[in-house]
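1. Pasted the sequence and its predicted model underneath.
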Amino acid sequence: MTDRRRLVNEAPTVVGLLTSVIESGGSLDLAVRTVAEDGPPLSRAMFSDAVRMADTKGCASVRDALTASLSKISGEASGYRQSILLCISASDAESAQERLRILGDASDVSLDSVRIMGERYSASLTTPCMTIFALGIMAPMILMSILPMLGIGGLFGAVTVDSDLIVLVTLVIVPAAITVIAWRIRARNPFLSESPDSGGIGCLAPLLLAVPLWFALVYLGRPQVEVMLYAVATACVSGAIFMFAGVRRDSRRAGSEEGIRDSVFELGNALLGGDNFEKAAAEVLRSRPECAHVGVSLGRELDLCRGDVEKAVDSAVSPISPRVSRTLRDICRCSRQDTDDAGRLAVAVGRQFQNESATRRELSVRLKSMTDMMVGTAVFFAPMVLGLSVSMLGPLSRIAGYEGMGNSELVLSLYLVELCAMISVLTSSLGEGAGIRGMAWRFCLSAPISLVVFAVCSAVQIRRCYRGCGPWEGHGVREARSALGCCRLRRVHRADDPRPPHGPLRLLQAPGRAAVVH
């Protein structure tokens with residue numbers, strides 16, 4: 001089912017390749033072979049099988065072999081089948097206007113299929129993301145804070161809460177469940193364009209710096225929260241510095257690709273206005289700031305190409321976008337026969353690029369709210385809730401004389417690091433996805449902030465004192481006890497105290513003093 005949905009995601013790219021070949025005067029056989037060579041993975045495999053069947057005489061022609069392969073596609077990928085069949089029909093059109101109209105219909109069908117699939121996909125993320133939200137915040141808060149509080153009140157009687165089991169569930173079982181859900185979301189993502197491979201593992205090397213820093217800070221006797229904060233923050237900052245150049249390069253390349261795709265439509269208008277391909281392509285690319293360097297590179301390649309314009313286009317544009325490079329070469333080939341036909345081809349393909357970009361942008365907007373919620377959970381909400389829970393648990397334990405888990409801050413700090421790692425994997429698995437470097441970059445940005453928020457919130461202390469009438473110094477002895485989650489305040493009355501032994505208690509802030517009752 002996932003493969004069929006990913007076929008739908010590939011439909012706009014395949015229709016674009018078929019359109020550029022057919023509209024430039026190529027045959028259906030050449031168009032199919034182009035997709036078999038340069039198309040997206042699943043479509044490339046299917047079109048390669050059709051070419052192989054035609055070449056080995058398994059079918060009478062490439063058309064029959066491709067039609068037979070498309071007939072096996074049904075269900076969620078019906079939009080893919082319909083758009084490819086429309087492209088096949090366009091290759092038989094008698095006039096250029098009819099052919100262009102049919103190819104436009106094929107593009108609209110493919111984009112509508114992607115849009116519908118995007119709506120279904122975004123709607124299906126609600127349940128798993130809310131499950132991660134519940135597991136990521138509520139489970140650790142209950143295990144590390146509420147259960148010890150109930151133990152203070154004597155709810156469990158003589159039975160003690162197993163602290164080792166709590167640590168095991170918090171640091172192993174809960175993260176394992178969240179990881180399974182995150183990878184399940186990634187596996188079912190039909191828009192995923194990049195799979196995590198070994199190419200970005202080197203980006204994880206600076207994060208190993210946290211291990212020696214951990215032991216060094218422990219040896220120096222630093223507090224638990226500071227040890228985790230300094231070790232992880234230093235490693236993450238080092239990793240971010242190490243990856244910054246690569247991330248910036250990828251960002252610039254994505255912006256340049258978007259500019260090149262948008263410039264194809266402008267190239268068509270220039271060709272219809274009477275310019276030749278070489279002049280129009282270089283000027284249009286140079287006119288857009290995000291891809292001006294590509295236009296400069298193309299102009300330089302055209303000056304040195306000795307008439308091989310297609311090779312010059314491939315050398316300048318392929319490092320940024322192989323797909324757009326293929327389209328520009330088809331437009332260049334078409335311009336040798338008729339500049340007006342090349343202009344119409346560029347306008348048609350450019351409009352497809354713009355419509356596809358708008359559809360992808362709409363999908364990103366739909367997923368942004370889900371992504372922001374998950375990032376906010378890991379960076380702010382979870383550390384804030386867990387930190388405040390720890391700050392409340394400490395005073396209650398001291399009041400009741402309860403010896404709880406002494407390493408709760410360390411355990412929760414480790415858990416927050418794990419949570420940031422898991423949320424980084426999850427957010428990198430939504431939409432078109434990201435590789436290992438994208439996951440590591442997100443982790444390096446989120447983990448230090450999460451630990452800082454936790455350290456600040458866990459250090460919060462509310463200091464109050466209670467008194468009756470008159471000065472509070474030397475007016476009584478106080479004692480606080482907790483039973484079943486409720487604090488009982490009792491005053492021991494002195495014989496020379498003029499106040500009644502059971503008078504009302506009033507709350508008063510006493511700077512620099514512990515909570516007292518008179």
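-> Sure, I can see it.
2. State the phi and psi torsions of the nearest residue to Ile102 once chain neighbours are set aside.
-> Spatially, and ignoring its direct neighbours in sequence, Ile102 is nearest to Ala90 (3.9 Å; Cβ to Cβ, 6 or more residues apart in numbering). Every C-beta, even on glycine, is put in place using the N, C-alpha and C of the backbone. According to degrees, to the nearest 10, the main-chain angles of Ala90 amount to phi -60, psi -30.
3. where are the low-confidence patches of the chain?
-> Within the chain, the stretches with pLDDT under 70 are 1-3, 145-162, 193-200, 394-406, 432-433, 461-518.
4. List the contacts of the residue nearest to Ile102.
-> Ala90 makes contact with Ile22, Arg99, Ile102, Leu103, Ala106, according to Cβ atoms under 8 Å, 6 or more residues apart in numbering.
5. What distance do you get for the closest residue to Arg253 other than its chain neighbours to Ser263?
-> Spatial nearest neighbour of Arg253, excluding adjacent residues (Cβ to Cβ, 6+ apart): Ile320 at 6.0 Å. According to Cβ to Cβ, to the nearest Å, Ile320 and Ser263 sit 11 Å apart.
6. Name the single longest helix found in the chain.
-> The single longest helix within the chain, with elements called by DSSP state H, is helix 224-272.
7. What is the subsequent helix or strand relative to that helix?
-> Next along the chain after helix 224-272, taking DSSP states H and E as the criterion, comes helix 277-286.
8. quick one, what contacts Val32?
-> By Cβ under 8 Å, 6+ apart, the contact set of Val32 is Phe47, Ala50, Val51, Val62, Leu66.
9. isn't the third one right next to Ala65, touching?
-> Yes. Contact between Val51 and Ala65 holds when scored by Cβ atoms under 8 Å: they sit 7.5 Å apart.
10. Look at these two and report which has more neighbours.
-> Per other Cβ atoms under 10 Å, whichever of Val51 and Ala65 has more neighbours is Ala65, with 22 against 18.
11. show me what contacts that one?
-> Shown in contact with Ala65 (Cβ under 8 Å, 6+ apart): Asp49, Ala50, Val51, Met53, Ala54, Gly58, Cys59.
12. Give me the subset of the residues you listed that lies in helices.
-> Mapping the contacts of Ala65 onto helices (DSSP H) picks out Asp49, Ala50, Val51, Met53, Ala54.
13. out of those residues, which is most surrounded?
-> Among those, Ala50 has the most neighbours (other Cβ under 10 Å), with 25 neighbours.
14. Give me the distance between that one and Arg442.
-> From Ala50 across to Arg442, the span is 40 Å (Cβ to Cβ).
15. what touches both of Ile320 and Ser263?
-> Cys291.
16. More neighbours: the two, which one.
-> Per other Cβ under 10 Å, whichever of Ile320 and Ser263 has more neighbours is Ser263, with 28 against 21.
17. surely that one meets Leu285?
-> Yes. With contact defined as Cβ under 8 Å, Ser263 reaches Leu285; the gap is 5.7 Å.
18. Between those two, which contacts overlap?
-> Common contacts of Ser263 and Leu285 (Cβ under 8 Å, 6+ apart): Cys291.
19. where along this structure do the strands fall?
-> Using DSSP state E, the strands of the chain run over 465-467, 477-483, 486-492, 506-508.
20. hang on, the earlier thing: out of the ones in helices among the contacts of Ala65, who's nearest Arg252?
-> Distance to Arg252 across the ones in helices among the contacts of Ala65 (Cβ to Cβ) is lowest for Val51, with 36.6 Å.
21. Relative to Lys72, which of the contacts of Ala90 is nearest.
-> Ala106 (19.4 Å).
22. how much space between Thr179 and Met373?
-> Thr179 sits 18 Å away from Met373, going by Cβ to Cβ.
23. Kindly report the same for Leu204.
-> As judged by Cβ to Cβ, Leu204 and Met373 stand 26 Å apart.
24. what does Gly387 give?
-> Using Cβ to Cβ, Gly387 is found at 20 Å from Met373.
25. Neighbour count: those two, which is higher?
-> Legend: neighbour count by other Cβ under 10 Å for Gly387 and Met373, higher for Gly387 (24 against 14).
26. just checking, the more buried one touches Ala455?
-> Yes. Between Gly387 and Ala455 there is a contact at 7.3 Å, judged by Cβ under 8 Å.
27. quick one, helices of the stretch 51-200 of the chain?
-> 62-71, 78-90, 96-124, 126-133, 139-141, 147-152, 163-168, 174-187 (DSSP state H, counting those that start in this stretch).
28. most neighbours per residue, which of those helices?
-> Among the helices of the stretch 51-200 of the chain, helix 78-90 has the highest mean neighbour count (mean count of other Cβ atoms under 10 Å), at a mean of 22.
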